[in-house]
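Peer 1: here is a sequence with its predicted model. Questions after.
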Amino acid sequence: MRDATVPDQPPSVLRRRYGLGARWFHWVTALLVFTVIPLGWIFGAFKTKPGAPDTFVAPFPGTPADHASAHMTVGLVLFPIIALRVLYRFRHSPPRLPGTMGAFEKGLAHLMHWLLYAVLIAMPVSGYIMSSGDKAPIRFLGLIDFPKVPTTPGQGMTAAIVHVYAQFAVYTLVILNLAGTAWHLFVRRDNILGRMLPRQSNHD
Ligand code: HEM
Ligand code: HEM
């Protein structure tokens, strides 16, 4: 039943939890982001120097080309998922935040979410552009070479700077997402985490 105090809100806003689609997108994205980042560190730390043979033995299985492909594969899977997630988010408003949160706090939460979406788009796009300017292939699953986009050295360099520095925005925003969730869970006790989980009982 619609809440009489907020007559003009779409039905999704009146729910207490995110819908199945939003929850699915959230947890799949979280899993893939927590995977692509360490793969990026391994790739970045042990990549082959220009002109050197691709046999450098890193303290991880595989050659630098395998590390590159592993990182790019997860990044390439993430990109359409994030793009679809943003489209889905435009069409499905999140559920109303609890009344325990003030207007400023609610605005801050929404700002953080949209900044996260922005950096999650910027990362694969900049990764693709920087890799297009590189000699090495953009290899999916170690098998399929993706087409490169035309890139000038200047664009490749800009994309590389964005990719390397925007990672810190991802870390900061994910930590804030986790810190906010923990704050609501342990201090406010207003069950914000429950909004991203399946229904726990028949009472909510
Ligand atoms: C264990 C890890 C995580 C937990 C416990 C968690 C928890 C949550 C919770 C409870 C919300 C709902 C906040 C609300 O009700 O307004 C949320 C929203 C969100 N989280 Fe996470 N999160 C985690 C990881 C991540 C990661 C890795 C990302 C992406 C890099 C992420 C991106 C987002 C975004 C974009 C939203 C906003 C959803 C929307 O309104 O469109 N989260 N998270
Ligand atoms: C959401 C998706 C992505 C995230 C979060 C991400 C994150 C990262 C991180 C954390 C690093 C390590 C940077 C460092 O060593 O300081 C990295 C490196 C790299 N990533 Fe990504 N990445 C993503 C997608 C992609 C995609 C789709 C590609 C290419 C198709 C790509 C290409 C690269 C390259 C070439 C490097 C090596 C940078 C260097 O050290 O020269 N990334 N990425």
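Peer 2: In hand now; what should we look at? Ligands and ions are numbered 1, 2, ... in the order given.

Peer 1: ok, is the strand or helix carrying residue 112 in contact with ligand 1 or not?
Peer 2: Using DSSP states H and E, residue 112 sits within helix 103-132. Yes: remark: helix 103-132 sits within contact range of ligand 1 at 109, 113, 116, 117, 120, by C-beta under 6 Å from any ligand atom. Yep, even glycine has a C-beta here, placed from its N, CA and C like the rest.

Peer 1: that helix packs against which elements?
Peer 2: Judged by 3 or more C-beta pairs under 8 Å, 6 or more residues apart in numbering; DSSP states H and E, the packing partners of helix 103-132 are helix 64-91, helix 153-183.

Peer 1: report the angle between the last one and helix 64-91.
Peer 2: Taking axes from the mean of the first three to the mean of the last three C-alpha atoms, to 10 degrees, helix 153-183 and helix 64-91 form an angle of 60 degrees between their directions.

Peer 1: tell me, what residue is most central in this protein?
Peer 2: Nearest to the mean C-alpha position of the chain, by C-alpha atoms, centre = their mean, lies residue 120 at 4.4 Å.

Peer 1: tell me who's in contact with it.
Peer 2: Going by C-beta atoms under 8 Å, 6 or more residues apart in numbering, residue 120 touches 29, 33, 78, 82, 170.

Peer 1: is it true that the last one touches residue 118?
Peer 2: When you say that, I think you mean residue 170. No: look at residue 170 against residue 118 with C-beta atoms under 8 Å: they stay out of range, at 10.4 Å.

Peer 1: neighbour count winner among those two?
Peer 2: A count of neighbours by other C-beta atoms under 10 Å puts residue 170 above the other of residue 170 and residue 118, at 19 against 14.

Peer 1: I'd say residue 146 and residue 127 touch.
Peer 2: No: the pair residue 146 / residue 127 is not scored as a contact, 11.4 Å apart, by C-beta under 8 Å.

Peer 1: next, show the common contact partners of the two.
Peer 2: Among the neighbours of residue 146, none is also in contact with residue 127 (C-beta under 8 Å, 6+ apart).

Peer 1: what about residue 59, distance to ligand 2?
Peer 2: 16 Å (C-beta to the nearest ligand atom, to the nearest Å).

Peer 1: okay, and that residue sits in which element?
Peer 2: Using DSSP H and E, residue 59 sits within no helix or strand.

Peer 1: that one: neighbour count?
Peer 2: Quick note: residue 59 (other C-beta under 10 Å) scores 7 neighbours.

Peer 1: so where's the protein uncertain?
Peer 2: For the chain, the stretches with pLDDT under 70 are 1-15, 49-58, 201-204.

Peer 1: repeat the analysis, applying 80 as the threshold.
Peer 2: Per-residue confidence for the chain (pLDDT under 80) gives these ranges: 1-15, 47-60, 199-204.
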